[in-house]
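Undergrad: Return a 3D structure for these sequence lines:
(one chain, ligands or ions: 2)
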Amino acid sequence: MNVLLIGSGGREHALARKISQSPLLEKFFAIPGSPGIADFAECVSNISIDDNAALVEFAKVNAIDLVVIGPEAPLVNGLTDALNEIGIKAFGPNKAAALLEGSKIFAKRLMKKYNIPTAEFEVFDDPDAAKNYIHSKGAPIVIKADGLAAGKGVIVAQTLDEALNAVDEMKTFGSAGNKIVVEEFMDGEEASVLALTDGEKILPLIAAQDHKRVFDGDKGLNTGGMGAYAPAPIVDEKISAQVEEKILKPTIAALKAEGIIYRGCLYAGLMIQNGEAKVVEFNCRFGDPETQVVLPLMESDLLELMNDCAAGDLSDKKISWSKNSAVCVILASGGYPKAYKKNLPIDGVIKAESLGAIIFHAGTKLIRNEELGIRNEKLVPSSLFLVPNCLVTSGGRVLGVTTIAPTLREAVEKVYRCVEVIHFEDMHYRKDIAARALN
Ligand code: AMP
Ligand code: GLY
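TA: Residues are numbered from 1 along each chain as shown. Ligands and ions are numbered 1, 2, ... in the order given. The predicted structure follows:
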């Protein structure tokens, strides 16, 4: 099979690594890819992932059999529909189904109509009406922009003042914030359950837990995710069965009843309390960094499974899993999730790999050493002059360091040994990934 992967983050690097292990794989391209993905696929960086026409043309010219779409934006933008129109299969839901992530209002109304457990909510387009409702409910309370807001459109307000300010802040999200959802606050522990589906059958993956806040102890701002581990013990057999029967299957069936066939990865973000799981959000794609701990534990052929999903025929497939545990620590740029510097040289990746880490590139790029030397000689670690190119930072989340071991405790000990040998200026990371599960 000829495969094209869309995306450039740590999630896509993990997808590329797993896809590359499939005996079905022939040619492998990525748009735009990354220095990490380049180990597995030919990266093409002159096509935008928002340009459906150019992506379809690339897929046609290169006889692509399956396009694997990593991020949500191209899915919400209808890339799957555009590819399907000319007979090319895509892994990832079509535009109508991707609305499950693209519109919080759509997702909440669907859950309400079909009795899928989630927080109570009201929808507003008038800020004053939203504020009156907030006064009547009190804090804590949660305010959400309707549309995609790059993970920033959700404010969990602890006080009434914060909640009222949040309503005004929603305007800063452009059209995504024209309508807002005001939602009951749910207490509990979060977990992510992702599932592959062909629109009928569902294959849940092992559960993972992300760490969304920037600092240890779940302090500070929300980020794209600072680390993850799998399997997550909070999702025991009872919760797993409940999630499958009360959330995943009913959601796929609800969409079908609405005339929408969902094919791809369905991501349920859950809040678990007193043995009950409720939906915090749905995403229409693999999680980041959940993918970086889930896929390294998958023993089955992911490419075959994704191709079957896209073809609408998972039929009798099962997924087999390693008995090990995996943990991923994200190394972020100083200042992230706010402003941060770029182009800082990264040292120690090869050393960490020699200690057993799998390194996933989230925000890196290669630049020529001369270029870097001219800019700032002192910044270049001497070891990097041995190679013609220097790996530098280019994003907020820079690297994901994943380790695998027979127990979660061993995986955590190993991951921090590996993290310690990697350096870039102002690098920061959480020191308590998986700590809750270990206690
Ligand atoms: P979302 O983008 O909807 O996943 O929200 C981002 C984060 O905000 C979630 O991962 C939760 O930590 C938090 N959150 C969202 N909705 C709620 C809620 N109703 N109650 C408590 N926390 C929430
Ligand atoms: N880990 C959160 C997300 O992928 O949205």
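Undergrad: where's Ala53, which helix or strand?
TA: helix 52-61 (DSSP states H and E).
Undergrad: Packing partners of that helix?
TA: Taking 3 or more CB pairs under 8 Å, 6 or more residues apart in numbering; DSSP states H and E as contact, the helices and strands that helix 52-61 lies on are strand 3-7, strand 28-32, helix 79-85. Every residue, glycine included, has its C-beta placed from N, CA and C.
Undergrad: Show residues contacting the host helix or strand of Glu304.
TA: For Glu304, the host element (DSSP H and E) is helix 302-311. Outside helix 302-311, the residues that touch it by CB atoms under 8 Å, 6 or more residues apart in numbering are 1, 3, 15, 18-19, 22, 24-25, 65-66, 68, 89-91, 196-198, 203, 263-264, 295, 314-315, 317, 319.
Undergrad: For the stretch 201-350 of the chain, which segments count as strands?
TA: Secondary structure of the stretch 201-350 of the chain (DSSP state E, counting those that start in this stretch): strands at 202-204, 209-210, 213-215, 219-222, 227-230, 264-273, 276-283, 325-332.
Undergrad: Between those strands, which one is closest to ligand 1.
TA: Nearest of the strands of the stretch 201-350 of the chain to ligand 1, taken as CB to the nearest ligand atom: strand 276-283 at 3.4 Å.
Undergrad: quick one: is that closest one near ligand 2?
TA: Yes. Against ligand 2, strand 276-283 shows contacts by CB under 6 Å from any ligand atom at Asn283.
Undergrad: tilt between that strand and strand 264-273?
TA: Between the axes of strand 276-283 and strand 264-273, defined by axes from the mean of the first three to the mean of the last three CA atoms, to 10 degrees, the angle is 140 degrees.
Undergrad: is strand 276-283 up against ligand 1 anywhere?
TA: Yes. Strand 276-283 is in contact with ligand 1 by CB under 6 Å from any ligand atom, via Val280, Glu281.
Undergrad: Which elements pack onto that strand?
TA: Going by 3+ CB pairs under 8 Å, 6+ apart, strand 276-283 lies up against helix 95-102, helix 104-113, helix 237-242, strand 264-273.
Undergrad: distance between that strand and the chain's centre?
TA: Relative to its parent chain, strand 276-283 has a centroid offset of 15 Å by CA atoms, centre = their mean, to the nearest Å.
Undergrad: which residues are in contact with that strand?
TA: Contacts for strand 276-283 (CB under 8 Å, 6+ apart): 72, 100-101, 104, 107, 111, 116-119, 186, 188, 190-191, 239, 242-243, 246-247, 251, 266-272.
Undergrad: Apart from its neighbours in sequence, what residue is nearest Leu355?
TA: By the measure of CB to CB, 6 or more residues apart in numbering, the closest residue to Leu355 outside its immediate chain neighbours is Cys418, 4.9 Å from it.
Undergrad: For that neighbour, which three-state class applies?
TA: Of the three states, Cys418 takes helix under DSSP: H, G, I helix; E, B strand; the rest coil.
Undergrad: Check it and give its pLDDT.
TA: With respect to pLDDT, Cys418 scores 98.
Undergrad: burial measure for it, as a count.
TA: Neighbourhood size, Cys418 [other CB atoms under 10 Å]: 23.
Undergrad: Was I right to think it contacts Val401?
TA: Yes. Between Cys418 and Val401 there is a contact at 5.4 Å, judged by CB atoms under 8 Å.
Undergrad: Need the overlap of contacts for those two.
TA: Here Cys418 and Val401 have Ala352, Ala357 as joint contacts, going by CB under 8 Å, 6+ apart.
Undergrad: Can you name the next helix or strand after the helix holding Ala53?
TA: Sequence-wise, the next helix or strand downstream of helix 52-61 (DSSP H and E) is strand 66-69.
Undergrad: Over to the residue in the stretch 251-400 of the chain that ligand 2 sits nearest to: give its phi and psi.
TA: Closest to ligand 2 within the stretch 251-400 of the chain is Gly287: 3.6 Å, counting by CB to the nearest ligand atom. Main-chain dihedrals, Gly287, degrees, to the nearest 10: phi -80, psi 160.
Undergrad: Just confirm it contacts Gly225, I think it does.
TA: Yes. Gly287 is within contact range of Gly225, at 7.4 Å (criterion: CB under 8 Å).
Undergrad: what touches both of these two?
TA: Residues touching both Gly287 and Gly225 (CB under 8 Å, 6+ apart) are Asp210.
Undergrad: from the stretch 1-150 of the chain, which residue is nearest to ligand 2?
TA: Residue nearest to ligand 2 within the stretch 1-150 of the chain (CB to the nearest ligand atom): Arg11, separated by 7.3 Å.
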